[in-house]
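**Q** Below are the sequence and a predicted model for it; my questions follow.
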Amino acid sequence: MLTGALKAVDRRFVSLVVMLCLLVGATAVQAAGPKKKKTAAAAKSAAAANTDKPQAAIREWGPYLDVAYELTYWDRAEIRDWRKKSEQEIGETLAAYIAEWNGRLAGPADTASPDQASRQPAYRERDYLRLAIAQTVDYLQSENLESLNGAELLLDKLKDKTTMPEVAFWTGFVKALQAVEVNDSGQFVARVFDMWNNAVMYIEQGTAGGSPATAASGKSAPYLYRNIVNLVVNRAIIDRKMGDLNALGPLFLMLRDRDLAESPGEGDYLTTLVRRIADGFVAPDADRYRLNFTVAVIEAQRLQKLAAARLDTAGMTDEARTLFEQSRLFDDYALKWAASHRSSGAALAVADYLDITSFAIQRLADNGKAPAYPFFAMLPAHDGSSTLLKAMDIFNDLAAYTDGGWDKAGYANRDLYLKATHRLWRTIMELALWTGDFYQLKLDAATDQRSIFAVAAPMQAVLNSYLDFFAAQTNKGFPAVIPDSACFGAAEAAEKLAHAYLRTYTYSTDSAGYNLWFVRRLQAAELFPLAPREIAQTAAVLRRDGRYNLFLDYFLPLADRFKQSPAVQKWLEGEKGESAATVRGYAGAIDRIFAASPGSDGADAGPVAASLQRLRGELQRKPDHSVHHLLRAFYVEEMQKTTPYTRLLKDANSLNAGL
């Protein structure tokens, strides 16, 4: 399983530097060093110490366990490697140590009375603490619940000594792990705050006051920070999907100002993670100060980048599928943990989800023989229907704030609100169009009625859902929450739909399919009249079918309205450059181009067709292109009138009148 919100997937340097410093009368050992290479300063210090006197090997677990807090934030595999190496150095397994000391400490923790001294040995609290730590390490490496519960029982015998920061830390740590196991969020939050208040803060006070730093106090603070970050983010939220941890958010704001003492060689993983979480709390497109949501978004976006890289470099492999599924899983959790479906966080989560899905769907054509292709090939059917409709519902909820109240959704101002809704709209539109492209390729390859209808039906469903969504919003007067590029997207959807109806209507016994083909082709032209080639092709089909009167009744009036449009004239007055020159030349000749004898490939439109085709490519790549604003202005102007087109939208069967 992938764990760690910022950990690299295929590279994690796993090495442990064991620094053993033997002192006269007592042994102070640092057994768990950094996860990466030692810094130059640390290496130099260790080398200098080794020149003073020969160092003897430590042959007992105790000193190693005293500084185990330096490794308890590591991954299971890293702890396993450390354990194996340490067992070889010590000459005793950790399991043997646990078994031996469990036998020794089977009695009560109280010191023996003088009259019992000759019969029963007395053990220090350090012995109980070391055994509890050993069992905790075993649990972290093996997830053996018996070890975790055994550690809790041992620490309970030291409950009267939890005023000592070291005991308080391990007690809180073990109880927090137990809370994770039973998914008790309230208990987990309480125990993490116990660790902070009863261990971290006391250690910080001692360090700030100038007290001598010891292995268990001053030096431990950065490692305790790391343990808390890893415990909350990786173990609780990422690994176990534990919710309701937002109360711990303030800790991460405080941790942002602490030094976790990670070196560049270690990767600064947890330090960077804390900063990203703190920044995410106040991000303009996120739910503020929601820890669960923020972590889920960070992890989802990390996995999305990895999934996208794998899909681009290796194709649809099983590894790419795993990363893809994990990224979308955390998007799901981000949406679940958002403040509401009307919140800024909800818009961010669902937009990220749709983006990575579109990214995969547009690569289906190139991965037909890839191992994981069958999984990815299911995306158009699933996400092109139910997921898309859910995203539209979220947009509809957010659109309610068009005239004010966007602060209720978590946006600081109207500009941020509009930016987020525009992005959400574009992700909805792009998923619908990429799904339509996927089906269109299959439709073009289909050769019999059964296969044609099997592909055309889902293609029509997804594209119609976008056009219905578009119509529902534009019927409100094309509010500001809709981006300008929505018109061009609707034109492309209508054009793809027309293509689907053109393939299927010949298999029907009535004119319904033919009427739908014509309505969608006309709609595509109304939304994007800068398409002389496609319009000429429509004229050719109508002439072939003996229905050229429809072109005269619907397309020629469109040409006249575009030429005379105040919205078009206003846009041309304010625009300069190649795009404006192309549109100006087309607007001046559009009625003649439409009225010319149609060619099957639109060649009669002249050289202007090539310029407009290049412009179309620019519009597909640039959602902020100025021509999108022109298309919006013209469509809004058109929908305020009563025209043959607006009447036809209400009743496609009116085309049958007079037949």
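**A** Cool, the structure landed. Numbering: from 1, shown residues only.
**Q** and the nearest residue to residue 175 once chain neighbours are set aside, what element?
**A** Closest residue to residue 175 apart from its sequence neighbours, by CB to CB, 6 or more residues apart in numbering: residue 191 at 4.5 Å. For glycine as for every other residue, the C-beta is placed from the backbone atoms N, C-alpha and C. Assigned by DSSP states H and E, residue 191 falls within helix 185-195.
**Q** who's in contact with the nearest residue to residue 481 once chain neighbours are set aside?
**A** When the adjacent residues along the chain are set aside, residue 481 lies closest to residue 421, with 4.2 Å between them (CB to CB, 6+ apart). Contacts for residue 421 (CB atoms under 8 Å, 6 or more residues apart in numbering) come out as 347, 395, 398-399, 481.
**Q** If you rank those by neighbours, which is first?
**A** Neighbour counts for those (other CB atoms under 10 Å) peak at residue 347, which has 32 neighbours.
**Q** after the strand or helix carrying that residue, next one along is what?
**A** Per DSSP H and E: residue 347 is located in helix 344-361. Moving toward the C-terminus from helix 344-361, the next helix or strand (DSSP H and E) is helix 373-376.
**Q** what residues does that following helix touch?
**A** By CB under 8 Å, 6+ apart, helix 373-376 touches 316, 321, 324, 360-361, 363-364, 367, 370.
**Q** quick revisit: need the pLDDT of the residue nearest to residue 481.
**A** Predicted confidence (pLDDT) for residue 421: 95.
**Q** Tally up the residues packed near the closest residue to residue 571 other than its chain neighbours, please.
**A** Nearest-residue entry for residue 571: residue 630, 4.5 Å, with adjacent residues in sequence omitted and distances by CB to CB, 6+ apart. Neighbourhood size, residue 630 [other CB under 10 Å]: 24.
**Q** Residue 630 against residue 583, yeah?
**A** Yes - using CB atoms under 8 Å, residue 630 is in contact with residue 583, at 6.9 Å.
**Q** Let me know the closest of the contacts of helix 373-376 to residue 515.
**A** Nearest to residue 515 among the contacts of helix 373-376, counting by CB to CB, is residue 361 at 30.0 Å.
**Q** Just give the number of residues close to the residue lying closest to that closest one once chain neighbours are set aside.
**A** Sequence neighbours aside, residue 434 is the residue nearest to residue 361 in space, at 4.7 Å (criterion: CB to CB, 6+ apart). A total of 23 residues lie near residue 434 under the criterion other CB under 10 Å.
**Q** Start at 793, not 1
**A** Sure, I'll start counting at 793 from here, so that last one is residue 1226.
**Q** mind pulling up the phi and psi values for residue 1226?
**A** Per-residue torsions, residue 1226: phi -70, psi -40 (degrees, to the nearest 10).
**Q** just checking, it touches residue 1154?
**A** Yes - using CB under 8 Å, residue 1226 makes contact with residue 1154 at a distance of 4.9 Å.
**Q** quick one, domains of the protein?
**A** According to automatic domain parsing, the chain comprises the domains 811-839+847-903+913-1070, 1080-1275, 1321-1451.
**Q** of all those domains, which gets the most neighbours per residue?
**A** Scoring those by mean neighbour count under mean count of other CB atoms under 10 Å gives domain 1080-1275 as the most buried, with a mean of 20.
**Q** What is the end-to-end distance of that one?
**A** By CA to CA, to the nearest Å, the extent of domain 1080-1275 from end to end equals 25 Å.
**Q** what's the helix holding residue 1139 packed up against?
**A** helix 1083-1105, helix 1110-1129, helix 1171-1174, helix 1180-1191, helix 1206-1237 (3 or more CB pairs under 8 Å, 6 or more residues apart in numbering; DSSP states H and E).
**Q** Using JSON lines, lay out these together with distance to residue 890.
**A** Converted to JSON lines, those look like this (distance: least, CB to CB, whole Å):
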{"stretch": "helix 1083-1105", "distance to residue 890": "33"}
{"stretch": "helix 1110-1129", "distance to residue 890": "35"}
{"stretch": "helix 1171-1174", "distance to residue 890": "49"}
{"stretch": "helix 1180-1191", "distance to residue 890": "50"}
{"stretch": "helix 1206-1237", "distance to residue 890": "53"}
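**Q** out of the ones you listed, nearest to residue 931?
**A** helix 1083-1105 (22.9 Å).
**Q** now the closest one against helix 1110-1129, angle please.
**A** 150 degrees (axes from the mean of the first three to the mean of the last three CA atoms, to 10 degrees).
**Q** got the CA positions of helix 1083-1105 in CSV?
**A** Only the C-alpha atoms of helix 1083-1105 are listed here, as CSV (Å, rounded to 0.1, in the frame of the first residue of the first chain):
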residue,chain,number,x,y,z
LEU,A,1083,-7.5,18.8,8.4
ASN,A,1084,-9.1,15.6,6.9
PHE,A,1085,-10.1,17.4,3.7
THR,A,1086,-6.7,19.1,3.3
VAL,A,1087,-4.7,15.9,3.7
ALA,A,1088,-7.0,14.0,1.3
VAL,A,1089,-6.5,16.7,-1.4
ILE,A,1090,-2.7,16.7,-0.9
GLU,A,1091,-2.6,12.9,-1.2
ALA,A,1092,-5.0,12.8,-4.2
GLN,A,1093,-3.0,15.4,-6.1
ARG,A,1094,0.3,13.7,-5.3
LEU,A,1095,-1.1,10.4,-6.7
GLN,A,1096,-2.6,12.1,-9.7
LYS,A,1097,0.8,13.4,-10.7
LEU,A,1098,2.2,9.9,-10.4
ALA,A,1099,-0.7,8.3,-12.2
ALA,A,1100,-0.5,10.8,-15.1
ALA,A,1101,3.3,10.3,-15.4
ARG,A,1102,2.9,6.5,-15.5
LEU,A,1103,0.1,6.7,-18.1
ASP,A,1104,2.2,9.0,-20.3
THR,A,1105,5.4,7.0,-20.0
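**Q** I'd say residue 940 and residue 925 touch.
**A** No - under the criterion of CB under 8 Å, residue 940 makes no contact with residue 925, lying 11.9 Å away.
**Q** which other helices and strands contact the helix or strand where residue 874 lies?
**A** Using DSSP H and E, residue 874 sits in helix 868-882. When contacts are defined as 3+ CB pairs under 8 Å, 6+ apart, helix 868-882 packs onto helix 886-896, helix 917-934.
**Q** Would you mind putting the ones you listed into a markdown table with distance to residue 1237 and mean pLDDT alongside?
**A** Output for the helices and strands packed on helix 868-882, formatted as a markdown table (distance: least, CB to CB, whole Å; pLDDT from 0 to 100):
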| stretch | distance to residue 1237 | mean pLDDT |
| --- | --- | --- |
| helix 886-896 | 61 | 94 |
| helix 917-934 | 53 | 96 |
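**Q** okay, those in CSV with distance to residue 1044 next?
**A** CSV is the format used below for the helices and strands packed on helix 868-882 (distance: least, CB to CB, whole Å):
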stretch, distance to residue 1044
helix 886-896, 33
helix 917-934, 22
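**Q** okay, the angle between the helix holding residue 1139 and helix 1206-1237?
**A** Using the same axes, to 10 degrees: helix 1136-1153 against helix 1206-1237 is 30 degrees.
**Q** how about low-confidence regions in the stretch 1343-1451 of the chain?
**A** Scanning the stretch 1343-1451 of the chain for pLDDT under 70 picks out 1389-1398, 1449-1451.
**Q** make it 90
**A** Scanning the stretch 1343-1451 of the chain for pLDDT under 90 picks out the ranges 1367-1370, 1383-1403, 1405, 1430-1451.
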